[in-house]
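Trainee: after the sequence you'll find the predicted model.
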Amino acid sequence: MARTENDSWEITESVGATALGVAAARAAETDSENPLISDEFARVFLHAAGEGVWNWFAAPNLPDQIAQAEPDLKPRMQGMVDYMAARTAFFDTFFTDATRAGARQVVILAAGLDSRAWRLSWPDGTTVYELDQPRVLEWKLSTLQDNGAEPTCRLVPVPVDLRHDWPAALRQAGFDASAPSVWSAEGLLPFLPAAAQELLFERVQALATPGSRIAVEAPGPDFLDEAARERQRQTMQRVRDLMAELEPERDIPDVADLWYFEEREDVGEWLSRHGWDVTVNPAEELMASYDRRPPHDIEGATPQTLFVSAERTERN
């Protein structure tokens, strides 16, 4: 399903379904023999959502016909579990370090099924603002409440589409732009048009006082590589064709249909240009630092993204 200007979705649809896929990867890592991260709520979300292609990451085996026809698929999926584990650990550490340094306002952009407000140990007085589509936040909160979960911080949901005037909604929810803040953009930018990405960072710039920090999962240099995109699309088309024979009622969305493949400014360069002290880690290096490595013999097995962390040092 192609994107439209003001599209919205349930948690099992479109962009929402990708959040379930990420939750499934976190569940698989949590249940593994030597987990890098622990997310007890990931499996809760999967149970609440029911059956779907997202459960492949959390299940021990692929359907035999698919595993035999696409032998690279299982190691690719393990590579994505490893990638998501490293990504989760990166943002966990970022939030922990930033709040220990004194910040007490946390803004999670496109929070999706992020459960950090429930599973991290936050310093006293920390407020976490979660921004996302109203239906997504409502589903997450009701699911966790139904399972008796309680936030470990002061949680403030801000139901808003990030393509709309979210700064006004954030301020109305109590955000104080005169105090240091901590921001994250995880699994977000490819779902935004280039102009919307530029506007997003301009808005963060207007709200983040010096001393604030941000962490971003940013598109890498191969984001617009048409050959790599076509290889991925062909693999997923073969899987979709096989699945249509096994389970005709199950639809497998192509994430490429949900992304905006447009030229956009490098995130690290944008932040540096606007007075932030920036550190950039390519995904493969980040994974290696956590002893998680992509399959060495499968091209494009994990995203070639960049993990950017920065602290604002200047007001300009």
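Mentor: Cool, got the structure.

Trainee: strands of the stretch 201-316 of the chain, start to end?
Mentor: 213-218, 276-282, 306-312 (DSSP state E, counting those that start in this stretch).

Trainee: could you look over the ones you listed and pick the most buried one?
Mentor: With neighbours taken as mean count of other C-beta atoms under 10 Å, the strands of the stretch 201-316 of the chain reach their highest mean count in strand 213-218, at a mean of 24. C-beta here means a position set from N, CA and C on the backbone, and glycine is covered the same way.

Trainee: any idea how far the helix or strand of the chain with the lowest mean pLDDT is from the chain center?
Mentor: Lowest on mean pLDDT, DSSP states H and E among the helices and strands of the chain sits helix 226-246, with a mean of 73. When C-alpha coordinates are averaged (C-alpha atoms, centre = their mean, to the nearest Å), helix 226-246 and its chain have centres 23 Å apart.

Trainee: longest helix of the protein?
Mentor: helix 73-100 (DSSP state H).

Trainee: what's stretch 85-105 in contact with?
Mentor: 25-26, 29, 35-37, 39, 106, 116, 120-123, 125-127, 129, 175-176, 179-182, 184, 186-187, 211-213, 215, 217, 281, 283, 286-287, 289-290, 292, 307, 309 (C-beta atoms under 8 Å, 6 or more residues apart in numbering).

Trainee: middle-most residue in the chain, spatially?
Mentor: G187 (2.9 Å; C-alpha atoms, centre = their mean).

Trainee: so which of the contacts of stretch 85-105 are in helices?
Mentor: Those of the contacts of stretch 85-105 lying in helices (DSSP H): 25-26, 29, 116, 283, 286-287, 289.

Trainee: per-residue pLDDT, the closest residue to V204 other than its chain neighbours?
Mentor: Nearest residue to V204, sequence neighbours excluded (C-beta to C-beta, 6 or more residues apart in numbering): W183, at 5.8 Å. The model reports W183 with a pLDDT of 98.

Trainee: OK, contacts around W183?
Mentor: Contacts for W183 (C-beta under 8 Å, 6+ apart) come out as 106-107, 109, 204, 208, 212-215.

Trainee: tell me which of those residues is nearest to W166?
Mentor: L109 (8.1 Å; C-beta to C-beta).

Trainee: residues in a beta bridge with the closest one, which ones?
Mentor: L131, A185 (DSSP bridges).

Trainee: so where is the stretch 201-316 of the chain shaky, pLDDT-wise?
Mentor: Filtered on pLDDT under 70, the stretch 201-316 of the chain yields the residue ranges 239-240, 243-256, 316.
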